[in-house]
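Q: got a predicted model here, sequence first, then my questions.
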Amino acid sequence: MPTDQTLDEILKLAAAHFNVPREKLTPDDDFFKTLGIDSLQALDLLTRIEHHFRIELPDYELQGVSDFRTLANRIQARL
Amino acid sequence: MNEFKGQALSWQVVNGAIELALHREPCNEIGSLTLDELEKFTAALPKLANEAHALIIHSTLKAGFSAGADLRELYRRSQGMEKSEAVRGVREFLERIHGMMNTLDAAPLTTIAAVHGVTFGGGFELALVCDIIIADRSARFCFPELRLGLIPGWGGIPRLKRDLGNGVVRDLLLTGRSFNVMKAQQIGLVSQIAAEGEALRVARATASQAGKFDRRTAIAAKRFMKPIPYEELKREIEIFCELFAQPAVEEGLRKFVENEGPQPYLP
C-alpha cells in the first residue's frame, strides 16, 4: 500500500473516531494538539490503527512521534 | 452484604453472578481507597459465594478497566519520608494487595475479568487473578513498571508465567510495551473477544454457562488447573521493595507525576 494511501486512511480513521472534520486534518499536524487527545486516547487510536491495518505496532516505535506523516511511515514499515 | 456501593467500586448479585464494578475516575487507579473497598469485598466473599457461582469484575468507565496503581498517591505518600520508612509503607501496602489478590485468585467461584480499554499494570494484575479474561476490541494491556525502575509488584510476573510462555513474558516485561486484544488472544491471555462495549454481556453469558455444572467439580478443576504461585509471589514483594529503595524509582515517579504533557502513558 503506498504511503499516501496509508496516510489518508489514518486521517479518515482519526477524524471519524475523534469527531473532527477530515478536511481539518493535515499530514504534518501534531495529532495530540489537532485532535486534543492525551496519551491514553493516543493508545486508543493506536489500537484502532492496528485493527484497521491488521498489524502490530509496538508503542515504543511511537516514541516522539506526534505527526500523522511519521505515524504513516511507521505503519508502512509493518505492512 | 450482597450489595455495596462504594466510592471506587460497587457489587451486586445478578442471576447467580457477583458483578463487581470498578468506577473510580479517571481510570480506576488503585490506591488506598480502592484497596480498602476491595478488602471489604474479599471479606464479604464467603457469604456472597453462598448465593453465587461466578464473579465478574468489570469497569463502568469509558477509559478502560484500570490504569493500575495510583502512582500519584504512591509518590505523594513517599515524599518527606526516610527511604526505609517509605519502603516499609510500600511493603505493608503490597502485603495487603497480595492478600486480597490471593483471595480472589482462590475464590470458590468461576471468576471472569471483563475488560476494555486501558488494562495496565495493577489493573492487568487484577485481571490475571481471574480464571477467564474476556476482552472487547478496545482493550490494551501493558506492564509499564520497568519504565519506573520497578517490576510489577501485585503478582504480575508469577501469574503471567503461570499462563504464558516465558519468552512472551520477557518481551512484555522488558520492553514495557502495550499490546492489543488480538495479540492478547494469540498469546493465550484472553480467551474470548467481544465487540466494543459487549464484554460484560459476553461475561454474563459465560457465567451463566459455568453455572450449569456441579459447583464442587468446578472448584476442584479450578484448583487443579490454577495453582497459586505463593513462593514466587513472596519473592516478588522482596524484589519490588529492594528496587523501590533505588533513587531511580523516585525520579521515575516524579517524572510521571509532574508530566503535564499529553504523553505520560507512552513509553
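A: Now that the structure is in, tell me what you want to look at.
Q: can you tell me the element the closest residue to B:Trp154 other than its chain neighbours falls in?
A: Leaving aside its chain neighbours, B:Trp154 sits nearest to B:Glu125 (4.1 Å; criterion: Cβ to Cβ, 6 or more residues apart in numbering or on different chains). Bear in mind the C-beta positions are built from the backbone N, C-alpha and C, glycine included. According to DSSP states H and E, B:Glu125 maps onto helix B:121-128.
Q: helices and strands around that helix, which ones?
A: Judged by 3 or more Cβ pairs under 8 Å, 6 or more residues apart in numbering or on different chains; DSSP states H and E, helix B:121-128 is in contact with strand B:64-66, helix B:83-105, strand B:110-115, strand B:140-142, helix B:156-163.
Q: so the third one versus helix B:121-128, what angle?
A: Strand B:110-115 and helix B:121-128 are oriented at 140 degrees to each other (axes from the mean of the first three to the mean of the last three Cα atoms, to 10 degrees).
Q: tell me the mean pLDDT over strand B:110-115?
A: Here strand B:110-115 scores 98 as its mean pLDDT.
Q: and what of the last one?
A: Averaged across helix B:156-163, pLDDT comes to 94.
Q: what residues are up against the closest residue to chain A within the stretch 101-250 of chain B?
A: Closest residue of the stretch 101-250 of chain B to chain A, Cβ to the nearest Cβ: B:Arg177 (4.4 Å). Shown in contact with B:Arg177 (Cβ atoms under 8 Å, 6 or more residues apart in numbering or on different chains): A:58-60, B:142, B:171, B:267.
Q: can you pull the pLDDT of it?
A: 92.
Q: check the one 4 residues further on too.
A: Per-residue confidence at B:Val181 stands at 96 (pLDDT).
Q: and the gap between it and A:Phe18?
A: B:Val181 sits 21 Å away from A:Phe18, taking Cβ to Cβ, to the nearest Å as the criterion.
Q: compare the two (neighbour count), which wins?
A: B:Val181 (28 against 16; other Cβ atoms under 10 Å in any protein chain shown).
Q: okay, now the residue of chain A found nearest chain B: neighbour count?
A: Taking Cβ to the nearest Cβ, chain B has its nearest neighbour within chain A at A:Ser39, 3.9 Å off. Under the neighbour criterion other Cβ under 10 Å, A:Ser39 is assigned a count of 18.
Q: quick check on it: phi, psi?
A: phi -70, psi -30 (degrees, to the nearest 10).
Q: same deal with the one 5 residues further on?
A: Main-chain torsions, A:Asp44, degrees, to the nearest 10: phi -60, psi -40.
Q: wait, it touches B:His116, no?
A: No - with contact defined as Cβ atoms under 8 Å, A:Asp44 does not reach B:His116; the gap is 10.4 Å.
Q: more neighbours, these two?
A: A count of neighbours by other Cβ under 10 Å puts B:His116 above the other of A:Asp44 and B:His116, at 26 against 21.
Q: tell me the contacts of the more buried one?
A: So B:His116 contacts B:59, B:64-65, B:135-136, B:138-139, B:196-197, B:199 (Cβ under 8 Å, 6+ apart).
Q: which bits of chain A sit near chain B?
A: Residues of chain A lying close to chain B (Cβ under 8 Å from any Cβ of the partner chain) are A:32, A:37-40, A:42-44, A:46-47, A:50-51, A:56, A:58-60, A:62-63.
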